[in-house]
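1. Okay, here's the prediction I keep looking at, along with the sequence it came from:
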Amino acid sequence: MTSSSDTPIARRAYASFADRYDAFAPGKPHNALYERPASLALVGDVAGLDLLDAGCGSGICSEKLAQAGARVRAFDVTPEMAAIASQRCAGLDIEIRVGDMTKPLDWLADQSVDGVLCALALDYVETLKPVFSEFHRVARPGGWLVFSMGHPMRDWADARSRGEKSYFETNRWGMHWGGFGEPNPYVESYRRPLGDILNGLVDTGWTLDRLVEPLPLPEMETVDPRHFAELSLAPAFICVRARK
């Protein structure tokens, strides 16, 4: 039997509120009016492409990619999330399974996808290089990787995520999230320096193409003025595109 300490931190957190996450995330301003548009803008036109949605959650991006004409293979480490994604994406050209990005993606052949999207999932991975390396293996020459994650300076500037560590150290931390209903779920993730992220890309064969520190969409000012003002001054996430 798998002990709690062996369970991936993303699975332990999201299994506890998968249904509530799916109810809120499609329209939650931080997602719908901030991170998701920035990430999908980096993805661009996907018609006719074979794509991997790594850490697909409840399938929100998988659905959008397939509706835009892509053939999508997707996975998530949380079975409850994968089940919701399968329901959301029923009838679309999407294959969804349970999978752990910290382990080999052995169901995917070398050079079998044109692009990889990994939205807000790498924060739950302690060591990035093996993940980037596996994404590089499955990507075709000229293919791309787009990912989003917590902005390193934002995470370090917050005493909750910094803890007693310096900016240059990776540390695991957790907090109770608001915005997804009650009870507030306790979610752990990793904070790390920017150099570890970008050097991890380069060291595994990727070429950095674009780094975006997104601004919220203008309509967020109406629906969530407090966070619109906050995100207009300093970013919460980074969105990155790399090419093989």
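-> Structure received. Numbers count the residues shown, from 1 in each chain.
2. okay, and for the protein, where does confidence drop off?
-> The chain contains residues with pLDDT under 70 at 1-5.
3. just the strands in it please.
-> 50-54, 71-76, 94-98, 113-119, 139-150, 171-176, 186-191, 207-212, 237-243 (DSSP state E).
4. Dump the second one to CSV, restricted to CA.
-> Right, strand 71-76. Output in CSV follows, covering the C-alpha atoms of strand 71-76 (Å, rounded to 0.1, in the frame of the first residue of the first chain):
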residue,chain,number,x,y,z
ARG,A,71,-5.3,15.6,-31.5
VAL,A,72,-4.6,15.6,-27.8
ARG,A,73,-3.1,13.0,-25.5
ALA,A,74,-3.4,14.1,-21.9
PHE,A,75,-2.6,12.9,-18.4
ASP,A,76,-2.8,13.9,-14.8
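5. What lies in contact with that strand?
-> Strand 71-76 is contacted from outside by 49-57, 59, 62, 65-66, 82, 85, 89, 92-99, 101, 105, 108, 113, using C-beta atoms under 8 Å, 6 or more residues apart in numbering. Glycine gets a C-beta too; all of them are placed from N, C-alpha and C.
6. quick one, what contacts G57?
-> 14, 21, 25, 76, 81, 85, 119-121.
7. can you list the strands of the chain in CSV and add distance to A229 and mean neighbour count?
-> Formatted as CSV, the strands of the chain follow (distance: least, C-beta to C-beta, whole Å; neighbours: other C-beta atoms under 10 Å):
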stretch, distance to A229, mean neighbour count
strand 50-54, 32, 25
strand 71-76, 33, 25
strand 94-98, 37, 18
strand 113-119, 24, 24
strand 139-150, 20, 21
strand 171-176, 22, 14
strand 186-191, 24, 19
strand 207-212, 20, 14
strand 237-243, 17, 22
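8. who wins for proximity to Y34 among these?
-> Evaluated with C-beta to C-beta, these place strand 237-243 nearest to Y34, the distance being 7.4 Å.
9. ok now the closest one, how far from the chain's centre?
-> Distance of strand 237-243 from its chain centroid, counting by C-alpha atoms, centre = their mean, to the nearest Å, is 11 Å.
10. Would you mind giving me the PyMOL syntax to select the buried ones in the contacts of G57?
-> Only the buried entries of the contacts of G57 go into this PyMOL selection, using 16 or more other C-beta atoms under 10 Å:
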select buried, resi 14+21+25+76+81+85+119+120+121
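11. Which members of the contacts of G57 are positioned in helices?
-> Mapping the contacts of G57 onto helices (DSSP state H) picks out 14, 21, 81, 85.
12. Tell me the one of those nearest I197?
-> Taking C-beta to C-beta as the measure, I197 sits nearest to Y14 out of the ones in helices among the contacts of G57, at 22.2 Å.
13. Thanks again, I'm all set now.
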